[in-house]
Each structure stands twice: as C-alpha cells, then as structure tokens.
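1. The amino acid sequence is not available; the structure is as follows:
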C-alpha cells in the first residue's frame, strides 16, 4: 500500500485556463504509463508541495481522482516557474506493482567523518543519488550513508559499501566512490593560489586599461575632426 495519497481533479483540455488555475492554487499534471492513455489532472498546490517534500521522486504515491479507481504512481518530473521557482507542471508515471521500475534514489548522509572533525579535512560527496531497479513495493525512499567510517584521508565509501535493501539492484559500478575526505590545503598551496589570483587580476586590469586608453584615443581623434568638418561646411 502506498504511503502517500494525492487527491486530484480531472482536467479535460490541455492548455486551457492554465494561468488562471495556477493563480488560484492549482497545478496542471499529466499521468502516463505502460499500456495506458495519458490522463490530465489538477492538483492543489499546497497539498502537492507538502507531499513532494516528503515523497520526492522515489516513493510510491496513490493518486485518488474524484471518480474512478485510485492508481499508484511516482513523480517522474516537476517543472518550476523560472521567475518564482514555484511548481508549474507535474509529470506522474503510473506503475504496475508486479513490474520492476527504475528510479533515482537520493543518498542520505548521516553522522560525522572523523577525518573532518579530527584532521580538518574536507568532505566530498561526488554522488548524491543512484539509479536502482526494483518492484514498486521494494522502492526505498533513500539510502543511508554512515560517514563515521571515514577516519583517514585514504578512506572512502563506494557503491559496494551501501546497505542495499532486499529486492533492490543498484545500476551503477560497484567501485564508484560516493564519499571521501580530502586533506586540507597547506599554507604553501594557499599562498600559491593567492599568487595566481593576484596575477590574473593584474592581467585583467591591464586589459581594461588598454581598452580604456584605446577608447579615449578614439574619442580624442573624433573631437579633433569635428571642427574641421564644420569648417568645410562653412
């Protein structure tokens, strides 16, 4: 049974009253899936925002229309308004409970790396999510990563170190690194970086000054020509 439920209203025509409905607090949504015709809905903005914050794109959601049978979906994609960053459209994918699906599962990092706390290192997380394959009932909301195993700068956590739930297959190379701690930069390295930045700034300033001088020269030449042109016209 789905952990989350989303109430929806049927939407009859695409592209109709979109701006008006969005201003009234509704989001247009489309649901599609294998061997099913796409269906269009209206979703209440507040309800979806709360649900999406918890479910994300890696949890089974039960879509409950006003009429008809409820179906299980995952959020396939969301679109945001470029100016307000509010949800402007939702894509839902209907799943079959007896058919495997693929989904990106976020990695949730917990604990503190001793190499950061005790050695002053910098925590790096090259991978934030992984693609998995499983039946909908086995779909994990997140995969937990314990950072306490990162005790030195030589330690790292890879895909093969993950605690994968039964029935779930990670579709990534086992030796892919997902977390490590980098040694802090030495004073010599920081000084070298500062020197490089100063050199770059000086170079840029030189270019700016040269361009400014060229513009000033052109302007001066133009000013000298104006009186001569006026004199010829007289």
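-> Looks like it arrived, so ask away. Quick caveat, the model's predicted, so the values are computed rather than measured. Residues are numbered from 1 along each chain as shown.

2. quick one: contacts of the host helix or strand of residue 88?
-> Using DSSP states H and E, residue 88 sits within strand 87-94. By CB atoms under 8 Å, 6 or more residues apart in numbering, the surrounding residues in contact with strand 87-94 are 22, 27-34, 36, 41, 43, 45, 48-49, 52, 61, 63, 71-81, 101. C-beta here means a position set from N, CA and C on the backbone, and glycine is covered the same way.

3. can you tell me which of these are in helices?
-> Per DSSP state H, helices hold the following members of the contacts of strand 87-94: 22, 45, 48, 49, 52.

4. Pull out the buried members of those residues.
-> Those of the ones in helices among the contacts of strand 87-94 that meet the buried threshold are 22, 45, 48, 52, by 16 or more other CB atoms under 10 Å.

5. Specify which member of those residues is nearest to residue 192.
-> Nearest to residue 192 among these, counting by CB to CB, is residue 52 at 45.4 Å.

6. Pick the one among the buried ones among the ones in helices among the contacts of strand 87-94 closest to residue 165.
-> For these, the nearest to residue 165 is residue 52 (22.5 Å; CB to CB).

7. ranges for the helices of this protein?
-> Going by DSSP H, the chain shows helices at 18-23, 45-55, 114-117, 187-233.

8. rewinding a little: redo the buried ones among the ones in helices among the contacts of strand 87-94 as a markdown table? Include distance to residue 143 and pLDDT.
-> Formatted as a markdown table, those follow (distance: CB to CB, whole Å; pLDDT from 0 to 100):
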| residue | distance to residue 143 | pLDDT |
| --- | --- | --- |
| 22 | 35 | 90 |
| 45 | 30 | 96 |
| 48 | 25 | 96 |
| 52 | 19 | 95 |
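
9. care to break this protein down by domain?
-> 4-95, 102-182, 187-234 (automatic domain parsing).

10. just to revisit the earlier point, could you dump the ones in helices among the contacts of strand 87-94 to a markdown table with distance to residue 159?
-> Below are those laid out as a markdown table (distance: CB to CB, whole Å):
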| residue | distance to residue 159 |
| --- | --- |
| 22 | 40 |
| 45 | 37 |
| 48 | 32 |
| 49 | 32 |
| 52 | 27 |
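
11. That concludes my questions; thank you for your assistance.
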